[in-house]
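Asker: with the input below, show me the fold.
(chains A, B, C and D)
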There are 2 protein chains.
Amino acid sequence: MKLSSPQALCPNCRLSDLCFPYGLQENEVRLLANIVKNRQPLSAHDFLYYQGDECQSLYVVKSGSFRSFITDLDGNEQTVGFYLPGELLGLDALNHERFSCSTIALESGSVCELALSHINKLCSKIPNLQIQVLRILGKEIASGHELVVLLGHHSAKERMAIFLLSLSCRYGALGFSSMEFNLSMPRHDIANFLGLTAETVSCQLADLGKLGVITVKRRGVQINDLDMLKAIVEPCSAKWGKQVFCLPE
Amino acid sequence: MKLSSPQALCPNCRLSDLCFPYGLQENEVRLLANIVKNRQPLSAHDFLYYQGDECQSLYVVKSGSFRSFITDLDGNEQTVGFYLPGELLGLDALNHERFSCSTIALESGSVCELALSHINKLCSKIPNLQIQVLRILGKEIASGHELVVLLGHHSAKERMAIFLLSLSCRYGALGFSSMEFNLSMPRHDIANFLGLTAETVSCQLADLGKLGVITVKRRGVQINDLDMLKAIVEPCSAKWGKQVFCLPE
DNA sequence: CGTACAATTGAGAATCCTCAAGAGCAGTGG
DNA sequence: CCACTGCTCTTGAGGATTCTCAATTGTACG
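Answerer: Purely as a prediction, here's the structure:
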């Protein structure tokens, strides 16, 4: 089987528009593809890396979904992000070359591995790649800010709505339905991410169901009224539409 | 006054160990210093840049302190960071080349300006600089994660303690006292940053005062018991246990 | 078919917010 | 020097939201 031959990965990868190579020339993508390694597929609950591990590579989600979380000295966890295909993992490690969070697979999935040393060398050769790296890092910082806004100044119902809108946009960008999808994470993980408890998440989902905004059945979510979901997030400005949760064009 | 001649800035700057040039060779610092511009000093409440503005430069705080905040469509503000000398501003703009937050001066201060186009060119020439840029960006991402942890899973008292410890540490690194400093921001801004109200911040500071951990007088803060302040943040891993939270009746 | 885990639901409790009043401090002008 | 004004900060009472605890139901998987 030559399907996963590194040289052929990126030009043929369905994700390449949403992923690291976005904005590069054909020949530049080929150079990048040369340094991409395919890792063994992971099963649900497998760790991709542990907090504190030395970081020698960044990872791009190829399939499945992942959860990153920080564990403090008392053993408490805080989920800092969920990652879908095309999204980059490990950026927080660029500071001390050690991962500042752990990442586990929520379901079976796979990742592409990019050795840091290779990226650095390649950036010097391809100015576009360097700009792209900075862009991705800037995006990660900006999305961190969005999460801070979410946690700092939103009620439980607003957090729930924002979370669903974010997933909706990201699934939509990947070519899946943005109106109907499955949550790959349990309630407990959602709650942890949103700074709530699992019970509150459950209640808020039930409430949104009673309002007719969504239909929830266990892990399955269907959005019935996207405008109302947006209105819950930004009451006064809902009619103008809002782009921040969507991927850039 | 030739003091602020760009060419002489970094090698002579007292901040250079804590700032952008950290880790660079002498001659590399000189190359970097060539692209540094000094901006007009700012007064309290002056904007350094506005959310949505096109970003052509990054800024390093030279003196004073700054606050960055995101304004949503309904006009609500969320403070995403306070910045002290040596800290880098504008990194969130690398994604869309527009600032995703506004930044204002909390007191009179000044910044160094680094044109993005120059940084990109220089990174290709100086591999160490490129690594340093990535390191700073990784640090910004990691500190965003820390703020998420703070907002997601900490009580009002813990948030207050973490905030004070962070300032203590950063002032200490700058060569100021880590045990006694002035808050350059009003209670309202602290509250907004921590996802609380100004009244709650006030009460929590008063409580910490009653516990003898700190002495607060308006903007002035003195830390009397650093260990206990740390114990409030990480109860189980501190030797005293939870009773530190209980106020005397 | 039973077990273990995930999710729901409800009652009571704790934390933090809202609202309101007042105190402290800086700057201004008489 | 004193009031005056405006702002920040403090303090307290009551209330709303979310958490904790507990019981129950639903689902996946051996």
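
Asker: so which helix or strand of chain A has the lowest pLDDT on average?
Answerer: Ranking every helix and strand in chain A by mean pLDDT, DSSP states H and E puts helix A:9-12 at the bottom, with a mean of 78.

Asker: which is the next helix or strand following that helix?
Answerer: helix A:26-34 (DSSP states H and E).

Asker: and that next one, what does it pack onto?
Answerer: When contacts are defined as 3 or more Cβ pairs under 8 Å, 6 or more residues apart in numbering or on different chains; DSSP states H and E, helix A:26-34 sits against helix A:9-12, helix A:116-125, helix A:127-153. Glycine gets a C-beta too; all of them are placed from N, C-alpha and C.

Asker: which one of those lies nearest to DNA strand D?
Answerer: Shortest distance between DNA strand D and those, using Cβ to the nearest atom of the strand, is found for helix A:127-153: 10.6 Å.

Asker: if you look at the closest one, does any of it touch DNA strand C?
Answerer: No: using Cβ under 7 Å from any atom of the strand, helix A:127-153 never reaches DNA strand C; the gap is at least 9.1 Å.

Asker: is that helix in proximity to DNA strand D?
Answerer: No: judged by Cβ under 7 Å from any atom of the strand, helix A:127-153 stays clear of DNA strand D, getting no closer than 10.6 Å.

Asker: so which elements touch that helix?
Answerer: Applying 3+ Cβ pairs under 8 Å, 6+ apart, we find helix A:127-153 packed against helix A:26-34, helix A:116-125, helix A:156-173, strand B:77-83, helix B:116-125, helix B:127-153, helix B:187-194.

Asker: quick one: the fourth one to helix B:156-173, angle?
Answerer: Read it as strand B:77-83. Using axes from the mean of the first three to the mean of the last three Cα atoms, to 10 degrees, the inter-axis angle of strand B:77-83 relative to helix B:156-173 is 30 degrees.

Asker: does anything pack onto strand B:77-83? Which helices or strands?
Answerer: helix A:127-153, strand B:66-71, helix B:187-194.

Asker: quick one, which of the ones you listed gets closest to B:Ser143.
Answerer: helix A:127-153 (8.8 Å; Cβ to Cβ).

Asker: in the closest one, what counts as buried?
Answerer: A:129-153 (16 or more other Cβ atoms under 10 Å in any protein chain shown).

Asker: ok and that helix relative to helix A:156-173, angle-wise?
Answerer: If you take the same axes, to 10 degrees, helix A:127-153 sits at 160 degrees to helix A:156-173.

Asker: now helix A:127-153: mean pLDDT?
Answerer: Taken as a whole, helix A:127-153 has an average pLDDT of 90.

Asker: okay, the angle between it and helix A:26-34?
Answerer: Using the same axes, to 10 degrees: helix A:127-153 against helix A:26-34 is 70 degrees.

Asker: alongside DNA strand D, which residues does chain A contribute?
Answerer: Listed as neighbours of DNA strand D in chain A under the rule Cβ under 7 Å from any atom of the strand: A:Ser155, A:Ala156, A:Lys157, A:Gly195, A:Leu196, A:Thr197, A:Glu199, A:Thr200, A:Lys217, A:Arg218.

Asker: just give me the closest of those to B:Gln56.
Answerer: Among the residues of chain A next to DNA strand D, and counting by Cβ to Cβ, the member closest to B:Gln56 is A:Gly195, at 35.8 Å.

Asker: OK, contacts around the closest residue to the closest one other than its chain neighbours?
Answerer: Excluding the flanking residues, the one nearest A:Gly195 by Cβ to Cβ, 6 or more residues apart in numbering or on different chains is B:Gly152, at 3.7 Å. B:Gly152 is in contact with A:Gln78, A:Leu151, A:Asn192, A:Phe193, A:Leu194, A:Gly195, counting by Cβ atoms under 8 Å, 6 or more residues apart in numbering or on different chains.

Asker: so which of these wins on neighbours?
Answerer: Of all the contacts of B:Gly152, A:Phe193 has the most neighbours under the rule other Cβ atoms under 10 Å in any protein chain shown, reaching 25 neighbours.

Asker: tell me the contacts of it?
Answerer: Contacts of A:Phe193 (Cβ under 8 Å, 6+ apart): A:Thr79, A:Val80, A:Gly81, A:Phe82, A:Phe163, B:Gly152.

Asker: with respect to DNA strand D, which of the residues you listed is nearest?
Answerer: Scanning the contacts of A:Phe193 for proximity to DNA strand D, where the rule is Cβ to the nearest atom of the strand, the winner is B:Gly152, at 9.1 Å.

Asker: and the gap between the closest one and B:Arg170?
Answerer: Distance of B:Gly152 to B:Arg170, given as Cβ to Cβ, to the nearest Å: 22 Å.

Asker: buried ones in the least confident helix or strand of chain A?
Answerer: So for helix A:9-12, counting by 16+ other Cβ under 10 Å, buried means A:Leu9, A:Cys10.

Asker: which residues of chain A lie near DNA strand C?
Answerer: Going by Cβ under 7 Å from any atom of the strand, the residues of chain A near DNA strand C are A:186-188, A:198-199, A:201-203, A:205-206, A:216, A:218-219.

Asker: list only those of the residues you listed flagged as buried.
Answerer: A:Arg187, A:Val201, A:Leu205.

Asker: per-residue confidence for the spatially closest residue to the first one that is not a sequence neighbour?
Answerer: Take A:Arg187 and drop its neighbours on the chain: the residue closest to it by Cβ to Cβ, 6+ apart is A:Ala198, 4.5 Å away. Reading off the per-residue confidence, A:Ala198 sits at a pLDDT of 97.

Asker: for the one 4 residues further on, same thing?
Answerer: Here the pLDDT value assigned to A:Ser202 is 97.

Asker: swap in the one 3 residues further on?
Answerer: You'll see A:Leu205 listed with a pLDDT of 97.

Asker: so what touches whatever helix or strand it lives in?
Answerer: Secondary structure assignment for A:Leu205, by DSSP H and E: helix A:198-210. For helix A:198-210, contacts defined as Cβ under 8 Å, 6+ apart pick out A:156-157, A:159-161, A:164, A:186-188, A:190-191, A:194, A:196, A:214-216, A:229, A:232.

Asker: mind checking which residue lies nearest the centre of chain A?
Answerer: Taking Cα atoms, centre = their mean, the centroid of chain A lies closest to A:Tyr83, which sits 2.6 Å from it.

Asker: OK, contacts around that one?
Answerer: Going by Cβ under 8 Å, 6+ apart, the list of residues near A:Tyr83 reads A:Val61, A:Ser65, A:Phe66, A:Arg67, A:Ser68, A:Leu89, A:Thr103.

Asker: try it again with 6 Å
Answerer: A:Val61, A:Phe66, A:Leu89 (Cβ atoms under 6 Å, 6 or more residues apart in numbering or on different chains).

Asker: over to A:Ile190?
Answerer: Residues near A:Ile190 by Cβ under 6 Å, 6+ apart: A:Val201.

Asker: what distance do you get for it to B:Cys13?
Answerer: Distance from A:Ile190 to B:Cys13, by Cβ to Cβ: 46 Å.

Asker: next one: A:Lys62
Answerer: Taken as Cβ to Cβ, the span from A:Lys62 to B:Cys13 is 45 Å.
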